[in-house]
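> Attaching a predicted model along with its sequence, questions to come.
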Amino acid sequence: MKLNIVQTGDPVLRKRARELSREEILSAPIQDLISSMKETMYEAPGVGLAAPQIGESIQLAVIEDREEFLRTIPKELLKERNRSPVAFHVIINPKITIDKSANYAEFYEGCLSVAPFVGVVPRALAVKVECLNEHAEPVSISAEGWYARILQHEIDHLHGVLCVDHMKIKTLSTVENYIKFWQK
Ligand code: ZN
């Protein structure tokens, strides 16, 4: 079932989401929610969707950077962003670690809940995440490049943080003007 994506200004996007228990994760309502969030992300389209974005204040997000998206993006942009396909997966109750010596990169970034705007957001180039998957099994993720950016963005959502909070605000642009003036 396709879900409605809430937009900035809705208080649910500013709340710290609560953690899920193992029993909840394995329950039918959460399993159904995961498949609806997958469908909603696919339709949007987006590379990640956090539960607060569909009005549920729980620590759960879905991520997928599909190969068919990447085919529409110039190769040099993909290389610059260190962006490659990421298979569909679910992160629950994530703990993110950013090394103190981590390097940061600045790229335009958008959010399905801050439509239709993008802007430059600095993000760490590498992160580690400890979380549970949709089977309530512990998972360790080491991510670099664009995938590390997606994880930082989605985990921020679970803490009530939006990309605009980190944005170089003078770069705020509509998607249309980003493509017209800044993509190159
Ligand atoms: Zn977002």
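Great, that's in hand. Numbers count the residues shown, from 1 in each chain.

> what's the single longest strand in this structure?
Looking across the chain with DSSP state E, the single longest strand is strand 86-97.

> partner strands of that strand, parallel or antiparallel?
strand 60-65 (antiparallel), strand 126-132 (antiparallel) (DSSP bridges).

> mind giving me CSV with those and columns for mean neighbour count?
All C-beta atoms are positioned from the backbone trio N, CA, C, and that covers glycine. Shown next, in CSV, are these (neighbours: other Cβ atoms under 10 Å):
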stretch, mean neighbour count
strand 60-65, 24
strand 126-132, 18
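
> Pipe the ones you listed into CSV and attach mean pLDDT and distance to residue 10 per row.
CSV is the format used below for those (pLDDT from 0 to 100; distance: least, Cβ to Cβ, whole Å):
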stretch, mean pLDDT, distance to residue 10
strand 60-65, 98, 17
strand 126-132, 98, 25
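
> and of those, who's closest to residue 30?
strand 60-65 (7.4 Å; Cβ to Cβ).

> contact partners of that closest one?
17, 20, 30, 33-34, 37-38, 41-42, 47-51, 83-92, 94, 146-147, 150-151, 154-155, 157-158 (Cβ atoms under 8 Å, 6 or more residues apart in numbering).

> Can I get that strand as PDB, trimmed to CA atoms?
C-alpha atoms of strand 60-65 as PDB (Å, rounded to 0.1, in the frame of the first residue of the first chain):
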ATOM      1  CA  LEU A  60      12.900   2.100  11.200                       C
ATOM      2  CA  ALA A  61      14.000   3.100   7.700                       C
ATOM      3  CA  VAL A  62      14.200   1.500   4.300                       C
ATOM      4  CA  ILE A  63      17.100   2.100   1.900                       C
ATOM      5  CA  GLU A  64      17.700   1.100  -1.700                       C
ATOM      6  CA  ASP A  65      19.900   2.900  -4.400                       C
END
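
> Mind checking the pLDDT average for the helix or strand that comes right after that strand?
Per DSSP states H and E, the first helix or strand lying C-terminal to strand 60-65 is helix 67-70. Average pLDDT, helix 67-70: 92.

> Residue 64 and residue 167: what is the separation?
Noted for residue 64: a distance of 24 Å to residue 167, by Cβ to Cβ, to the nearest Å.

> typo on my end, residue 181
Residue 181 is 17 Å from residue 167, by Cβ to Cβ.

> and what of residue 34?
Residue 34 is 29 Å from residue 167, by Cβ to Cβ.
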